[in-house]
Structures are given as C-alpha cells and as structure tokens.
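return atomic coordinates for the entry below.
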Amino acid sequence: MNFLDQLNSVQREAVTCTEGPSLIVAGAGSGKTRVLTYRIAYLLQQGVPAGNILALTFTNKAAREMKDRIGRLVEASDARYLWMGTFHSICAKLLRRDADKLGFTRDFTIYDTADSKSLLKAICKERGLDEKVYKPASVLGRISMAKNNLIFPMQYGQNRDLLQADREARMYETAVVYELYQARLKAANAMDFDDLLLNMLVLIDQHAEVREQLQQMFRYVLVDEYQDTNYVQYCLVSRLAEPQQNICVVGDDAQSIYSFRGADIRNILNFQRQYPDARLFKLERNYRSTQNIVNAANSLIHKNTHQIEKTVYSEKEAGKPLSLYAYMDDRAEASGVAEMIAHAHRTAGYDDIAVLYRTNAQSRAFEGELRKRNIPYRIYGGTSFYQRKEIKDALGYFRLAVNPRDNEALLRIVGFPGRGIGETTMKKVAANAIENHLPYLEVMASPEATAPDVSAATGKRLRAFADLMAQLHQLSEETDAYTFADQTLRVTGVLTALAMDTTAEGIDRAQNVQELLNAIREFVAQRQEEGIDFTPITDFLSEVSLQTDQDENLADTTERVTLMTVHAAKGLEFPVVFIAGMEENLFPSQFCVNPGEIEEERRLLYVAITRAMERCVLSYARQRFRNGQMAFNSPSRFLNDIDRRFMELANRSTPSIPSSPRFPSIPSIQRSPITPSTPTLTKVTPSERGAGGVPSPYSPGDRVSHRVFGEGTVQRVYRDEVTENDKIEILFDKQGTKTLLLTHARLDRI
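Modelled structure (predicted):
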C-alpha cells in the first residue's frame with residue numbers, strides 16, 4: 001500500500017508539495033511528525049539523493065525515531081545517508097571538515113555545561129571577582145543569550161542595554177569575562193554548545209566557497225519545531241536554503257514556550273513575510289483529544305493577539321468538559337488530586353495519568369500525598385523533590401546541626417556557600433580526624449591541636465564554621481523545626497546565595513528551598529493542630545528519611561503516575577491529565593509582566609490542556625504558602641479565557657472525575673460547589689454552626705485565646721470533607737488566620 005494513502009487530504013498536500021518554501025502549521029495532536037517523516041520519505045521516493053536532504057530537529061531522540069520510520073517506508077539504505085539530527089550535532093559534523101578556516105583543528109573539543117562553568121569560575125577567580133555575584137551559571141547564561149542573538153564580545157561591550165543589565169546585577173565585568181572566556185576556548189582548541197552554531201554561521205558568512213558548497217549539497221532543508229528556533233538558528237537555516245529556497249518548516253506558534261532558552265516566536269510568525277511565495281498548510285485535525293478538550297484549548301489560545309489563525313478540531317467523541325476544582329489550600333489540592341488518581345486507577349493504569357504544574361517546587365505536596373496512598377510515581381525530566389541538590393544541601397545543614405558527628409553531611413555542605421574551605425583542606429581534616437578518632441567537626445573546632453598541617457588563616461576559617469554549627473546545634477534544641485530551619489538557612493548564607501543566582505535554574509532552586517521551608521512550616525502547624533506544641537527539627541528529618549526510603553521501594557514498580565512541569569510535558573500525551581496551581585502569580589508566573597510574556601504563559605497552558613486525550617482536570621488553591629507565609633490566591637485569569645461551554649465547576653474535593661466510556665464515573669458524596677472567585681473570609685452565622693454534624697461550643701464572633709497563637713476571633717466551625725476532620729477557623733490578632741483541629745485546639749474563651 002502506498003504510504004500516502006495513510007494521510008488526510010491536507011497532510012498529503014503538505015507532503016507532496018516539495019518545491020519552494022513551505023510553512024506547515026501543525027496544531028496539537030495533528031500528526032506533525034508523520035507529515036515531516038513522510039515528506040522526507042516522499043523526496044527519497046522521487047529520486048532525491050539522501051545526501052541532498054538536511055532535516056534539523058531539536059532532540060537526538062526525535063531524529064533517531066524519524067530516521068527509523070523513514071527506513072520502514074523506503075529502502076533503509078536510502079535513509080542511511082540523510083543529514084538528519086539536531087542543530088548542534090549537524091553543525092559539529094560540518095565544522096570538523098573546515099575547522100582550520102576558523103583557527104581550530106579538526107579534533108577540537110566540545111565543552112559541556114560543566115566544563116564551561118568550570119572555566120568561567122577560574123576566570124572570575126583570577127580577576128578577583130566576587131563569586132557570590134559572578135556565579136558561573138549566571139555568567140554562562142548571559143554569554144549564552146548573547147551568542148544566541150549573534151552578539152560577539154566586542155559588540156557586547158558596546159551594547160547599552162546589556163551593560164545596563166549588568167550594572168543592575170552588579171556584574172560590571174561580564175563583557176571582559178566573555179572576551180577572556182572566548183580567548184581561553186580558542187587557546188584550548190575548544191567550543192561550547194553555543195559556539196557550534198555561532199561558528200558555523202561565521203564559517204558560511206566569511207567563506208563563500210564553504211557557503212556555496214553547502215547550499216549546493218543541501219537542496220532540501222526541513223526544520224522541525226520551528227517555533228523554538230533562536231536567532232542564530234534562523235540565520236543558519238536562511239543561509240543554507242538561500243539559492244533554491246526549498247525550505248520546509250514545521251511547527252505550531254501556539255506551542256512556542258521556550259523564550260527563556262532564546263526561542264523567538266517571530267521566526268515562525270514572519271515566515272511568510274520572509275518568503276512571500278511560501279505555501280501555507282494548516283494541519284488542524286487533532287487525532288489525540290476529545291472534542292471538548294480541543295474546543296476548550298481553542299477558546300483559550302484564541303485570546304492571544306500574535307498568532308497564525310487556525311481552528312483545530314477533533315472528530316473523536318465529544319467527551320466530557322474540563323473539570324475545575326477549587327481547594328482551601330495547596331495541601332488539600334494535592335490530597336484531592338491524589339484521591340482522584342486512586343479512584344481512576346480502578347479502570348486505568350497509572351501510566352495513563354499525569355500531574356502537570358508550573359514550577360518544580362509544586363511537586364513536593366503531590367509526592368507526599370501519593371506516598372501516603374502508596375501510589376507509585378515518577379518525576380519526569382527532573383528529580384524527586386527531596387533528592388534535588390539544593391534540598392539535600394539544606395537538609396545537610398539541618399542534619400549536621402542536630403548531629404555534629406554526621407561527617408557525610410559536613411562534606412556535603414561545607415563548600416556551599418563558598419567560605420574558603422576547599423577540597424584539599426577537607427582532606428587534611430579527614431586525615432587528622434581519622435588519626436585522632438574524632439568527628440570532622442571536632443577537628444575543625446580546634447585545628448591548632450588536631451590539625452597542625454593547615455595554615456593559620458585556614459584554621460581561622462575552620463573554627464568559624466565549627467562555631468557556627470555549634471550555635472545552630474543549640475538553636476535546634478531551643479526552637480521549633482520551622483524557626484530553626486528558617487534561621488539556619490539565613491545565617492549560613494544559603495538563602496542569600498540562592499537569591500543571587502538570577503538564571504531560570506537559579507530561581508527554580510530558590511523556589512524549591514522556599515518550598516522546603518513551607519513543608520516544614522506545614523509540618524509544625526499540623527502537629528500543633530494535633531495538640532503537640534513543640535516540634536523539633538529531628539521529627540521532620542525522620543519523616544523525610546522515611547519518605548526517601550519509600551521512594552527507593554517504589555523504584556522497581558514500572559507502572560507509575562507521571563509528575564512533571566508543563567515545559568517538560570511538551571510532545572507527550574496521556575489519557576488523564578491534572579493541571580494544578582491555576583492561580584495568579586503562579587500560572588501565569590509572577591515574573592510575567594508584559595503582554596508578550598503573558599501570551600507565552602497562555603500558550604503554556606494550551607500545551608498543558610492539549611496533552612490530555614480523554615480527561616483534563618484543572619485545580620487551584622485559595623491559599624498557598626509563599627515565602628514562609630500563607631498567601632491568599634486569586635484564580636488564574638486564564639480560567640476566564642476558557643469558554644464555559646467546555647469547562648464545568650466540579651464539586652469541591654469530590655473523589656471522582658466526570659465519566660467517559662473508558663473511565664466510568666465513581667460514586668461520591670454530593671457536596672456544595674465552590675466557584676472560582678477571589679477568595680474571601682467566609683462568615684458563618686450561628687444557625688449554620690454545626691452544619692455537617694459538627695458539635696462545637698464556639699460560634700463565629702467568639703473571642704478565644706490559644707497558648708501559642710494568642711487571642712483571636714472565631715470565623716467558622718466546619719467539617720473538612722477532605723480529611724473528614726472537624727475544624728475551627730480563627731483570625732488571630734497577631735498571627736493571622738489559622739485553621740485548627742477542633743478536638744485539639746485547646747482554646748480558652750475570653
């Protein structure tokens with residue numbers, strides 16, 4: 001059978017119209033990969049030599065899979081010589097042939113991110129720059145963004161905007177560091193990842209014979225995920241396709257979500273302006289999702305101003321509308337989602353279910369709730385919350401403060417933040433500790449007696465660290481877990497060091513550590529509700545250790561729920577998708593201020609919704625811990641962008657999801673709905689007191705006193721349908737609103 005018979009009419013046209021420029025706008029789930037694969041196979045079938053076809057992808061995995069599929073459609077030998085791979089891998093191959101023209105040898109080294117950071121760290125150290133300001137990741141991020149925008153060291157130093165940004169970050173010498181970095185790379189016969197693209201562009205711009213040779217060789221140029229290309233990639237593709245203009249780009253402007261990596265949506269939006277004769281093919285049929293999911297996603301994305309107009313549709317069953325759940329707080333949200341997952345598993349595999357969130361820090365609550373129910377899970381494209389480096393570093397400080405003999409914890413944290421105690425010094429400390437049968441920290445406390453082989457200056461730094469840990473040890477015995485953790489991360493400089501890193505990764509790490517503090521605060525609050533007034537940090541560390549052990553026990557289970565950020569979910573699909581944290585300043589992110597950034601956040605939600613095949617459940621929390629404080633949240637503005645015909649307001653905390661042929665409904669207790677409005681404190685009248693069978697001696701308006709939180713006013717008494725506990729909500733005069741277990745509140749009436 002002719003493979004073209006497997007395509008719909010629009011797909012077939014996009015595959016067979018091979019001459020001249022083409023823009024294939026591929027809506028979510030519309031068979032983009034199939035069209036790109038079949039177009040290449042069709043070119044081979046028409047007699048185009050494989051060596052004349054250049055196909056650029058964004059992952060090696062995508063390139064391998066496409067090449068395998070092409071080999072099954074045509075003779076495998078025909079596909080063997082295709083120039084197919086990522087931008088970086090193709091450029092590396094081409095540069096090897098003409099590296100001498102740029103002053104490199106053919107065997108130049110390619111520096112990975114760790115190599116680049118190490119080199120930048122050495123340069124900054126040599127120049128005496130503050131390592132807390134000139135963090136390698138931050139400097140590398142600035143240099144990378146400059147290279148992605150075709151800005152060389154000399155141009156960087158003359159760019160007012162860049163220099164102003166550096167001044168605001170107190171990184172005045174970034175331009176000099178950039179210049180030295182490039183010189184060191186050249187001296188080492190090395191290129192970093194960005195140089196592979198940048199130097200390729202320099203090669204074809206400065207050497208006409210190379211440019212003409214490549215243009216003749218690559219008669220057909222195809223680019224996948226064109227909406228994710230940066231400026232240098234745009235220039236490369238334009239140069240290579242210049243003579244014949246047999247360029248075909250495939251992508252979806254509605255799924256452009258990587259501007260923080262340098263992606264420029266204008267590349268795809270302006271393609272027809274760049275090539276006025278370009279053919280436009282719109283793949284609008286979605287083969288993945290139900291009609292309601294597709295329609296809901298359409299109603300959302302149509303609110304964007306900058307887009308290529310298209311209307312994606314589905315011919316699958318109508319399906320159920322999206323469900324929206326409102327929860328009291330983020331803990332209740334995680335519990336509610338976990339409960340729905342447990343019920344859904346009766347008719348679905350765990351592999352069919354994904355929980356998506358905007359930031360990595362949100363995974364912590366879901367991990368905890370899934371563990372409670374023994375539901376296996378995987379962190380896709382990331383690390384389990386308590387296994388992340390920054391979290392393990394913070395816990396290392398807590399462990400060492402509690403147990404000064406914990407040598408492993410000491411070795412982990414002594415170098416972060418930097419305090420002039422290096423690996424060589426710690427080797428001497430370890431040797432002396434072993435010789436004298438002492439803990440490392442005790443050797444550090446009196447180096448003049450136990451470690452005479454270190455200098456006086458080093459000895460002073462060792463004593464300072466040991467003194468700090470002694471103070472923290474005392475603090476751990478005198479304060480509750482949250483107060484101790486918060487003070488420890490402040491006085492050790494951990495919070496300051498994380499705050500100084502303004503890269504996307506740095507912000508993510510800082511948010512994760514703040515989420516750890518939130519977890520400890522919640523742990524303390526929960527124990528207070530149970531009548532335990534003092535919770536030491538040792539109790540929290542014990543709980544974390546047990547959770548970590550359970551992680552390892554679940555490792556041998558192949559079927560698991562997937563937890564991931566929305567960015568990591570692009571390109572994937574699941575029958576059931578939960579999208580959590582639909583709140584202002586979270587989704588959209590608090591860092592988005594201009595219209596362009598908001599539009600990208602809206603595209604990000606579009607990507608999230610279109611991952612769902614049969615079910616899509618959104619949720620938000622009215623309260624969420626932020627920066628150590630419980631903050632009230634407004635529902636995300638994006639919820640109002642979704643047409644209400646395609647989304648229903650679900651009953652609060654109901655452990656069921658709307659039925660479908662594959663996932664029948666699960667019986668649940670009828671509960672009152674909560675509409676997604678701006679949260680306010682709810683006053684409960686005396687006549688409503690006791691609703692849900694709650695016996696209570698207190699009424700709204702009563703003045704009470706609590707021995708920890710002080711005096712306050714009762715707001716309401718109610719039954720928590722998530723935990724099945726009776727609770728009392730009190731607005732304390734000095735501590736704000738607290739919700740306590742009624743049976744353990746220990747209140748005195750004033």
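
measure the nearest residue to Ile257 once chain neighbours are set aside to Ala14 for me?
Excluding the flanking residues, the one nearest Ile257 by CB to CB, 6 or more residues apart in numbering is Leu604, at 4.9 Å. To be clear about C-beta, it is placed using only N, CA and C from the backbone, and glycine gets the same treatment. According to CB to CB, to the nearest Å, Leu604 stands 26 Å off from Ala14.

which of these two has more neighbours?
Taking other CB atoms under 10 Å, Leu604 and Ala14 do not tie; Ala14 has more neighbours (29 against 24).

from Glu225, how far out is that one?
16 Å.

same question for Ser30.
With CB to CB as the criterion, Ser30 and Glu225 are 14 Å apart.

and what of Phe108?
28 Å.

next, the buried residues of the longest helix along the chain.
Determined from DSSP state H, the single longest helix within the chain is helix 504-529. Across helix 504-529, burial judged by 16 or more other CB atoms under 10 Å covers 506-525, 527-529.

do the same with stretch 347-362
So, applying 16+ other CB under 10 Å, buried residues of stretch 347-362: 348, 350, 352-362.

low pLDDT regions in the stretch 301-450 of the chain?
Applying pLDDT under 70 to the stretch 301-450 of the chain flags residues 382-383.

where along it do the helices fall?
In the stretch 301-450 of the chain, the segments counted as helices under DSSP state H, counting those that start in this stretch are 330-344, 363-372, 389-402, 407-413, 423-436, 440-445, 447-450.

starting at the chain centroid, how far to stretch 567-580?
Averaging C-alpha positions (CA atoms, centre = their mean, to the nearest Å) puts stretch 567-580 13 Å from its chain's average.

now stretch 113-123
Distance, stretch centre to chain centre, for stretch 113-123: 24 Å (CA atoms, centre = their mean).

tell me the mean pLDDT for it?
For stretch 113-123, mean pLDDT is 85.

ok, stretch 14-24 next?
The model assigns stretch 14-24 a mean pLDDT of 94.

got the buried residues for it?
For stretch 14-24, by 16+ other CB under 10 Å, it's Ala14, Val15, Thr18, Pro21, Ser22, Leu23, Ile24.

what's the first helix or strand after the helix or strand bottoming out on mean pLDDT in the chain?
Ranked by mean pLDDT, DSSP states H and E, the weakest helix or strand in the chain is helix 537-553, scoring a mean of 64. For helix 537-553, the following helix or strand on the C-terminal side (DSSP states H and E) is strand 561-565.

tell me the helix or strand right after that following strand.
Next element after strand 561-565 (DSSP H and E): helix 566-569.

one step back: quick one: closest of the helices of the stretch 301-450 of the chain to Leu180.
Nearest of the helices of the stretch 301-450 of the chain to Leu180, taken as CB to CB: helix 423-436 at 24.7 Å.

put the alpha carbons of the closest one into CSV.
Only the C-alpha atoms of helix 423-436 are listed here, as CSV (Å, rounded to 0.1, in the frame of the first residue of the first chain):
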residue,chain,number,x,y,z
GLU,A,423,38.8,20.0,49.0
THR,A,424,42.5,20.0,49.9
THR,A,425,41.8,21.4,53.4
MET,A,426,39.0,18.9,54.0
LYS,A,427,41.3,16.0,53.0
LYS,A,428,43.7,17.2,55.7
VAL,A,429,40.8,17.5,58.2
ALA,A,430,39.6,14.0,57.3
ALA,A,431,43.1,12.5,57.7
ASN,A,432,43.6,14.1,61.1
ALA,A,433,40.1,13.1,62.2
ILE,A,434,40.8,9.5,61.4
GLU,A,435,44.2,9.6,63.1
ASN,A,436,42.8,11.1,66.3
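
from the rest of the structure, what touches the strand or helix carrying Val221?
Under the criterion of DSSP H and E, Val221 resides in strand 220-223. Strand 220-223 is touched from outside by 18, 36, 39-40, 43, 48, 52-56, 229, 237, 240-241, 244, 246-251, with contacts defined as CB atoms under 8 Å, 6 or more residues apart in numbering.

please repeat the previous calculation with a cut-off of 7 Å.
With CB atoms under 7 Å, 6 or more residues apart in numbering as the test, strand 220-223 has contacts from 36, 39-40, 43, 48, 52-56, 237, 240-241, 246-250.

mind showing which ranges of the chain have poor pLDDT?
The chain contains residues with pLDDT under 70 at 1, 76-77, 382-383, 545-558, 627-628, 651-693, 707-708, 720-725, 743-745.

now the angle from the longest strand anywhere in it to helix 363-372?
Once the chain is assigned using DSSP state E, the strand that runs over the most residues is strand 612-626. Relative orientation of strand 612-626 versus helix 363-372 (axes from the mean of the first three to the mean of the last three CA atoms, to 10 degrees): 110 degrees.

just the buried positions in strand 612-626, please.
So strand 612-626, judged by 16+ other CB under 10 Å, has buried residues 612-626.

who does Arg285 form a beta bridge with?
Tyr313 (DSSP bridges).

how far away is it from Lys734?
Applying CB to CB to Arg285 and Lys734 gives a distance of 60 Å.

out of those two, which sits in the more crowded spot?
Legend: neighbour count by other CB under 10 Å for Arg285 and Lys734, higher for Arg285 (17 against 8).

so who does that one touch?
So Arg285 contacts Asn8, Ser30, Tyr313, Glu315 (CB under 7 Å, 6+ apart).

again, but for Ala497
Going by CB under 7 Å, 6+ apart, Ala497 touches Lys132, Pro417.

just say helix, strand or coil for it.
Following DSSP: H, G, I helix; E, B strand; the rest coil, the label given to Ala497 is helix.

and Val25, by the same measure?
Under the three-state scheme (three-state DSSP), Val25 adopts strand.

so which elements touch the longest helix of the chain?
For helix 504-529, the packing partners by 3 or more CB pairs under 7 Å, 6 or more residues apart in numbering; DSSP states H and E come out as helix 136-148, helix 389-402, helix 481-491, helix 494-500, strand 612-626.

so can I have JSON lines of the ones you listed showing distance to Ser455?
As requested, these are exported to JSON lines (distance: least, CB to CB, whole Å):
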{"stretch": "helix 136-148", "distance to Ser455": "26"}
{"stretch": "helix 389-402", "distance to Ser455": "24"}
{"stretch": "helix 481-491", "distance to Ser455": "26"}
{"stretch": "helix 494-500", "distance to Ser455": "25"}
{"stretch": "strand 612-626", "distance to Ser455": "45"}
